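[1] this is the structure alone, sequence omitted:
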């Protein structure tokens, strides 16, 4: 009989990692998963599966880690590998560092689940190494939450690809921040604000990066496009994409020395954005910031486009993500829509991946 | 090491079964699956996994079955159970008969995959027996294509439920036929036809049942609502639902002795439908035939409702299905949209389920 419990090690206990740990501490999950290790960037707490780590309401991971020894990521992985039964490394950091160790974990028999985009959208050589390590050691890598948070984007794509569908196009509003920004800037129902004010509102709501130029430059969307493209079998990297930076190419904006300097110079350029909006409006369209992948030409694009309000992208509201798969079987696209940002929906994707691992590791193979 | 190939037996070689068999005959799938049995309602062909059954372009299953022995469903299942390695019974019939044998298959170690709604939407006792048999014998049952064809509706629901989300509401346009009918009848862009003409057009396109009253009575949608409800853990059956029959409650329509008699009487009642359409239109709304499940009150409803065109259901076009999950994590619903009818998309769901079985049976359990 296979084990019925998976040992889980979580590195990164910021908003997502903490939310995950709190979820895994609930009774409903403790039969399937035992948290045997947690770590922040400095310290690591390792435990035996018989005494799993749990985080009660109001408790903080920092409390559990305050007197723990220093983190050694390789030793953390080895701890997981040496335990009896299946084990998963969950990378809840947003740095590229740990990703370099995914192949090490996989080759030691430790499965990997992560919402961290960095490892899958950086060097193609790392992507290839991860796939090779998983294949050769019969281990699993799931990263649903790297695209559209918990929305079933990569799971659906995997099903389409392996069942033999032909993917003709993937298009998506992949950024909750830019979805909110352009849905507000081009709202068909309310008075439309100047661009700088729409951005300020998004910032006030906590939707933007500390420096909003890190959203507006399109690199976050570009990373998701790379991950979707690679999941389709296209060997694309960030440098291969055409990415439209929403910030106009003027020095006082792109090279402003601080977010504050950028935000105070932006109203002077509201006319640039209003012109784009009015041009779209004259054709009955609205602006949306979209990432797309064309498998036939092997091209990935990130750009600000105009869509009629009858188009699914045109009807988007709030900060929703939307991904449309046009395929041989679905010439009218298969569309997935919903919140693509926030701890809770990100953790949904991580938990769904963990249960996928559980399905595969804890079913009797016949 | 577990097997890497799953033995597959297909009962029912109509449009869906034939399309499935043709897909499984493609090189890309033959490493993962070996078709070791096919059957129509009369005859069954059983094979050894070393000589799997395949169907070339232009070939018909009837040709393969013409001189085969009579079908004995229990013997068919026993054949699957006795082979070396994992085996799946795929029920591609649309009758309730084979469903009674699902527990027999499961208890013999044979997994079940099916697009057939009948077994999962009829007696609750059969549903319970199937779940119990699967649990006790550690076997698998997947039936993604019973709701929304291949759209990832049940897979997403399973992920939401088992990761601990709280489902507040599930609403859907679950019938491609009725989606097309009301999208046409209430089109915001083209001239709207009388109801009887919209129905005739749907019939001409092959979207309706031979007797369109079998679509309009809502029972097909009701079956899908029952399956979604049960997948959520609600013990509902068809008799527990409130189902609105779209056909007005007049004798000459409901009791017309033939589809032709019904269709020729229908234009006399176009006024009834026009009145509904105009009442909706006066509020800026359109009519949609929707199934919904409210887990808190444990109620299921199938009814003709009015939605503003800004609502996702209001913006539907063609014969698309759409399912919206409102949950604690997704107060703004997670929405899945796309074609929910036709052989190709139904087979997509069956193949995706088969690969789910492959994932679980052919991964080394640690």
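    Yep, that arrived. Fair warning: this is a prediction, and the values are worked out from it, not measured in the lab. Numbers count the residues shown, from 1 in each chain, chains lettered A, B, ... in the order given.

[2] which stretches of the stretch 101-250 of chain A form strands?
    Counting by DSSP state E, counting those that start in this stretch, one finds strands in the stretch 101-250 of chain A at the ranges A:110-113, A:141-142, A:167-173, A:242-243.

[3] out of those strands, flag the one nearest chain B.
    Across these, chain B has its closest neighbour in strand A:110-113 (8.7 Å, C-beta to the nearest C-beta). Where C-beta positions appear, they are placed from N, C-alpha and C, glycine not excepted.

[4] need the contact list for residue A:178.
    Going by C-beta atoms under 8 Å, 6 or more residues apart in numbering or on different chains, residue A:178 touches A:215-216, A:221, A:246, A:289.

[5] picking that back up, with mean pLDDT added, can I get the strands of the stretch 101-250 of chain A in CSV?
    Shown next, in CSV, are the strands of the stretch 101-250 of chain A (pLDDT from 0 to 100):
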stretch, mean pLDDT
strand A:110-113, 98
strand A:141-142, 98
strand A:167-173, 98
strand A:242-243, 98
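
[6] quick revisit: quick check, nearest of the contacts of residue A:178 to chain B?
    Nearest to chain B out of the contacts of residue A:178 is residue A:289 (C-beta to the nearest C-beta; 18.9 Å).

[7] touching chain B at all, the longest helix seen in chain A?
    Assignment by DSSP state H gives helix A:343-361 as the longest helix of chain A. Yes. Using C-beta under 8 Å from any C-beta of the partner chain, helix A:343-361 comes into contact with chain B via A:344-345, A:348, A:351-352, A:355-356, A:359-361.

[8] does residue A:302 fall in a helix, a strand, or a coil region?
    strand (DSSP: H, G, I helix; E, B strand; the rest coil).

[9] residues touching it, list them.
    A:218, A:221-222, A:225, A:241-244, A:289-292.

[10] and it, how close does it get to chain B?
    Taking C-beta to the nearest C-beta, to the nearest Å as the measure, residue A:302 and chain B are separated by 23 Å.

[11] do residue A:231 as well
    From residue A:231 to chain B the distance is 15 Å (C-beta to the nearest C-beta).

[12] go ahead and confirm that residue touches residue A:154.
    Yes. Contact criterion C-beta atoms under 8 Å: residue A:231 and residue A:154 qualify, at 5.9 Å.

[13] about what we covered before: can I get the buried part of the residues of helix A:343-361 next to chain B as one ChimeraX selection?
    Applying 16 or more other C-beta atoms under 10 Å in any protein chain shown to the residues of helix A:343-361 next to chain B leaves a buried subset, and the ChimeraX line that selects it is:
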select /A:344,345,348,351,352,355,356,360,361
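
[14] closest to residue A:300 out of the residues of helix A:343-361 next to chain B?
    Lowest distance from residue A:300 to those (C-beta to C-beta) belongs to residue A:345, with 24.4 Å.

[15] in contact with the closest one, which residues?
    A:149-151, A:338-339, B:329-330.

[16] make a markdown table out of the residues you listed and add neighbour count.
    As requested, those are exported to a markdown table (neighbours: other C-beta atoms under 10 Å in any protein chain shown):
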| residue | neighbour count |
| --- | --- |
| A:149 | 26 |
| A:150 | 30 |
| A:151 | 29 |
| A:338 | 25 |
| A:339 | 25 |
| B:329 | 24 |
| B:330 | 23 |
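
[17] so which of those residues belong to helices?
    Using DSSP H, none of these sit in helices.

[18] would you mind listing what in the stretch 251-366 of chain A touches chain B?
    Residues of the stretch 251-366 of chain A lying near chain B (C-beta under 8 Å from any C-beta): A:310, A:312, A:315, A:317-318, A:320, A:328-330, A:332-339, A:344-345, A:348, A:351-352, A:355-356, A:359-366.

[19] if we use 6 Å, what do you get?
    With C-beta under 6 Å from any C-beta of the partner chain as the criterion, the stretch 251-366 of chain A meets chain B at residues A:315, A:318, A:329-330, A:332, A:334-339, A:344-345, A:348, A:351-352, A:355, A:359-361, A:363-366.

[20] what sits closest to the residue positioned nearest the centre of chain A if chain neighbours are left out?
    Nearest to the mean C-alpha position of chain A, by C-alpha atoms, centre = their mean, lies residue A:146 at 2.4 Å. In this structure, residue A:146 finds its nearest non-sequential neighbour in residue A:117, 4.6 Å apart by C-beta to C-beta, 6 or more residues apart in numbering or on different chains.

[21] my guess is that neighbour contacts residue A:148. True?
    No. Residue A:117 is not in contact with residue A:148 according to C-beta atoms under 6 Å; the separation is 11.3 Å.

[22] for these two, indicate the residue with more neighbours.
    Each of residue A:117 and residue A:148 has its neighbours counted (other C-beta atoms under 10 Å in any protein chain shown); residue A:148 has more, 30 against 20.

[23] to residue B:268, which of the strands of the stretch 101-250 of chain A lies closest?
    Checking the strands of the stretch 101-250 of chain A against residue B:268 by C-beta to C-beta gives strand A:167-173 as the closest, at 45.4 Å.

[24] for the nearest residue to residue A:142 once chain neighbours are set aside, give me the pLDDT.
    Leaving aside its sequence neighbours, residue A:142 sits nearest to residue A:353 (C-beta to C-beta, 6+ apart; 3.7 Å). Residue A:353 carries a pLDDT value of 98.

[25] same deal with the one 3 residues further on?
    Turning to residue A:356, the model gives it a pLDDT of 97.

[26] please name the residues that touch it.
    residue A:142 (C-beta atoms under 6 Å, 6 or more residues apart in numbering or on different chains).

[27] can you tell me how far it sits from residue A:140?
    Per C-beta to C-beta, to the nearest Å, residue A:356 is found 8 Å from residue A:140.

[28] bridge partners for residue A:87, pull those for me.
    Residue A:87 forms beta bridges with residue A:7, residue A:110, as assigned by DSSP bridges.

[29] would you mind measuring from it to residue A:44?
    15 Å.

[30] ok, those two, which is more surrounded?
    Neighbour count, other C-beta under 10 Å: between residue A:87 and residue A:44, residue A:87 has more, with 29 against 20.

[31] run through the residues that contact the more buried one.
    Contacts of residue A:87 by C-beta under 6 Å, 6+ apart are A:7, A:80, A:110.

[32] can you pick the most crowded of those?
    Highest neighbour count within the contacts of residue A:87, by other C-beta under 10 Å: residue A:110, with 28 neighbours.
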